[in-house]
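A.B. asks: sequence isn't available, so here's the structure alone:
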């Protein structure tokens, strides 16, 4: 099964040793029989059609879904086309937000601030710890979306759109080393110091990222009418 990865951002220049964001997801989903191809939509590089992959994944980004960038409207069109074609799609962080926006929801910079580092969510009655890095949130979900993950800080942390699209606000592709790098680069002077230190103190605690990867693989592979 071929998974197309739509890259809506790039890692900080000082953290390129791990490759671009498509490689982070390829590593996360290694061993499930997928092949991968990435498109840097943030640079205006798009697939010709939704038929170019069997499933799609939209990555995180430093940009806001509500910002005025030339690549955002065609990305929203692509999302709706993939949904209409019933091509399975997963969105992570910005991907979660842009899918919600494309489908009629609303995204904004959250007034209560940031969630960074190891964060616990209620996912269908189970507590799941995943690394997060965001201030923007889906504040109004699309009418058709069902909440699949939440916590007191982020009410719409996971959304399910029938059996076609599943999106998550946190980052299962981020290990503690990447969070450490973000703390030292993009976090300084942007995220309050107390939150940075709180995230740093939890770097060695385990997360459920591999369990989420298994669920992502199952979502892509599930039989659909």
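C.D. replies: On my side now, so go ahead. A quick note: this is a predicted structure, and the numbers were derived from the prediction, not measured.
A.B. asks: list the beta-bridge partners for the residue nearest the centre of the chain.
C.D. replies: Averaging the C-alpha coordinates of the chain gives a centre point, and the residue nearest to it by CA atoms, centre = their mean is residue 92 (1.0 Å). Legend: beta-bridge partners of residue 92 under DSSP bridges are residue 168.
A.B. asks: please enumerate the helices of this protein.
C.D. replies: 21-28, 72-84, 94-102, 176-184, 193-201, 209-221 (DSSP state H).
A.B. asks: I'd like the average pLDDT over the fourth one.
C.D. replies: Helix 176-184 shows an average pLDDT of 93 in the prediction.
A.B. asks: other SSEs contacting that helix?
C.D. replies: Using 3 or more CB pairs under 8 Å, 6 or more residues apart in numbering; DSSP states H and E as the contact criterion, the secondary-structure elements in contact with helix 176-184 are strand 115-123, strand 126-134, helix 193-201. For glycine as for every other residue, the C-beta is placed from the backbone atoms N, C-alpha and C.
A.B. asks: so the residue nearest to the centre of the chain sits right up against residue 57, yeah?
C.D. replies: Yes: A contact is recorded between residue 92 and residue 57 when judged using CB atoms under 8 Å, the distance being 7.2 Å.
A.B. asks: now the common contact residues for the two.
C.D. replies: Common contacts of residue 92 and residue 57 (CB atoms under 8 Å, 6 or more residues apart in numbering): residue 25.
A.B. asks: just give me the neighbour total for residue 144.
C.D. replies: When neighbours are counted by other CB atoms under 10 Å, residue 144 registers 14.
A.B. asks: which one is it nearest to, not counting chain neighbours?
C.D. replies: Across the structure, with CB to CB, 6 or more residues apart in numbering as the measure, the residue nearest residue 144 apart from its sequence neighbours is residue 161 (6.1 Å).
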